[in-house]
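> model this:
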Amino acid sequence: MARIALVHDVAGVAETQARILRAAGHEVDHVRLPDFGANWSVLAKAITLPIRLALYVPTILRLRRGSYDVIHIHWVPRGIVGLLARRPFLIQAHGSDLHMHVNTPGLHMLCRMVLERSRAIFYVTPNLETYIQRFANKLYLPNPINVRSVADSPRAPQRVRRIAIFMRLDPVKGVERVFPAVQRLASMGIEITALKWGPLTADYVDRFGEFVRFVDPVNHDRIGEFLSQFDLVVGQMEQGALGLSELEAMAAGRPLISGIDRDLYPGDKPPVVSSYDPDELVEQIGRLVDDGRRLENLSREGRAWVRRNHGYERHLELLESAYFGAAARVSEMPIAM
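Predicted coordinates:
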């Protein structure tokens, strides 16, 4: 068995990976980095860089001195700890760290160095591959989803009366392709709920609060319970790929409408209803409103698709293959957490 360091975390993915790897018999240290200044502007981050590097020193020394077989770091700019530790490492990209930070002045050079020197680059959604085409050793590593824990035997909806817009209120999620439809959806007698989450929150609560109930985000362990209240989930419309929120909705047995680019999934196509603009969204929901059979199929097939492509067993297989190559030992033990 190997000794593995998982560094930092994004949306609980590293924490989940730690559980998967420990269940397979590996020794895992989950090392969390300080978040000082993580949400500040680029200028503020540049000014405080010496302070943030000082806060990383204990982790850098731990990685340098530790007898780790694998160092796996989450979030491309945080790969600086791998560079400074002068130890081989793998980097996992999650989205904005590629399509925003890689092109951000001041971070561009750092991100390029991290990507060039990493043993492997994991990317969690297939659309991200276009940002790292010039780099070697890329591996699509779908986010791990424990379908069983998200929802046990969920009730498939028979009609659409309650909808959740389950995304961060951020232009990168395509919110302008969704919210202009809410007044028309409300006029159809549909209750709409969205999360107070993201940089556009104040503006959207002011603009759409008459038609949408905005609620605080829930803890990760309550996502299944939260989503079970709704008959349909609307996901992101901009990236063309299924992010963690969309996958969790499918795992919870909720029919999903999202801006999906099916060419990104050449093999096993996701059972998702496609929409890319407000008119199409209203039209698609109108078709589903009383179509119990189609809603039930989307619910059942969505959970099965997530289990096949994002289940813990598949994720362990991909991790061990990337970590150890031909010497990978894929666990035969069932992983139940």
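> and residue 220, what does it touch?
Applying CB atoms under 8 Å, 6 or more residues apart in numbering to residue 220 gives the contacts 11, 12. Just so you know, the C-beta spots here come from the backbone N, C-alpha and C atoms, and that holds for glycine as well.
> Contacts only, for the spatially most central residue of the chain.
Nearest residue to the geometric centre of the chain (CA atoms, centre = their mean): residue 244, 3.3 Å. By CB under 8 Å, 6+ apart, the contact set of residue 244 is 11, 13, 124, 143.
> Thought residue 95 was touching the second one, still the case?
Same thing as residue 13. No. Taking CB atoms under 8 Å as the definition, residue 13 is not a contact partner of residue 95, at 11.4 Å.
> tell me, what's touching those two both at once?
Listed contacts common to residue 13 and residue 95 are residue 124; contacts here mean CB under 8 Å, 6+ apart.
> buried set for stretch 225-239?
Of all the residues in stretch 225-239, those buried under the rule 16 or more other CB atoms under 10 Å are 226, 227, 230, 231, 232, 233, 234, 235, 236, 237, 238, 239.
> Repeat that for stretch 20-31.
Within stretch 20-31, the residues scored as buried using 16+ other CB under 10 Å are 20, 21, 22, 23, 24, 26, 28, 30, 31.
> Now the last one: closest residue in space that isn't a chain neighbour?
It stands for residue 31. residue 7 (4.8 Å; CB to CB, 6 or more residues apart in numbering).
> What's the separation between the one you found and residue 75?
The gap separating residue 7 from residue 75 is 9 Å, by CB to CB, to the nearest Å.
> Can you pick out the residue with more neighbours from these two?
Shown here are residue 7 and residue 75; by other CB atoms under 10 Å, residue 7 has more neighbours (28 against 22).
> which residues does the more buried one bridge with?
Taking DSSP bridges as the rule, residue 7 bridges to residue 31, residue 73.
> didn't it look like it was pressed against residue 59?
Yes. Judged on CB under 8 Å, residue 7 makes contact with residue 59 at a distance of 6.8 Å.
> which residues do those two both contact?
31, 33, 81.
> Using JSON lines, lay out those residues together with distance to residue 265 and pLDDT.
Formatted as JSON lines, the shared contacts of residue 7 and residue 59 follow (distance: CB to CB, whole Å; pLDDT from 0 to 100):
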{"residue": "31", "distance to residue 265": "33", "pLDDT": "97"}
{"residue": "33", "distance to residue 265": "32", "pLDDT": "93"}
{"residue": "81", "distance to residue 265": "33", "pLDDT": "97"}
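> if we take those residues, which one ends up nearest to residue 200?
residue 33 (27.2 Å; CB to CB).
> Please identify the helix or strand for that closest one.
Secondary structure from DSSP states H and E places residue 33 outside every helix and strand.
> Just give the closest residue to it, not the sequence neighbours.
Nearest residue to residue 33, sequence neighbours excluded (CB to CB, 6+ apart): residue 8, at 4.7 Å.
> From residue 32, how far off is the one you found?
Distance from residue 8 to residue 32, by CB to CB: 7 Å.
> And these two? Which one has more around it.
A side-by-side neighbour count of residue 8 and residue 32, using other CB under 10 Å, places residue 8 first with 22 against 12.
> Go ahead and confirm residue 162 touches residue 228.
No. Using CB under 8 Å, residue 162 is not in contact with residue 228, being 10.6 Å away.
> Break down the stretch 51-200 of the chain into its strands, ranges please.
70-74, 90-93, 121-123, 138-140, 162-165, 191-195 (DSSP state E, counting those that start in this stretch).
> Distance to residue 294 added to the ones you listed, as a markdown table?
Output for those, formatted as a markdown table (distance: least, CB to CB, whole Å):
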| stretch | distance to residue 294 |
| --- | --- |
| strand 70-74 | 37 |
| strand 90-93 | 35 |
| strand 121-123 | 32 |
| strand 138-140 | 29 |
| strand 162-165 | 16 |
| strand 191-195 | 20 |
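> highest average neighbour count across the ones you listed?
strand 90-93 (a mean of 27; mean count of other CB atoms under 10 Å).
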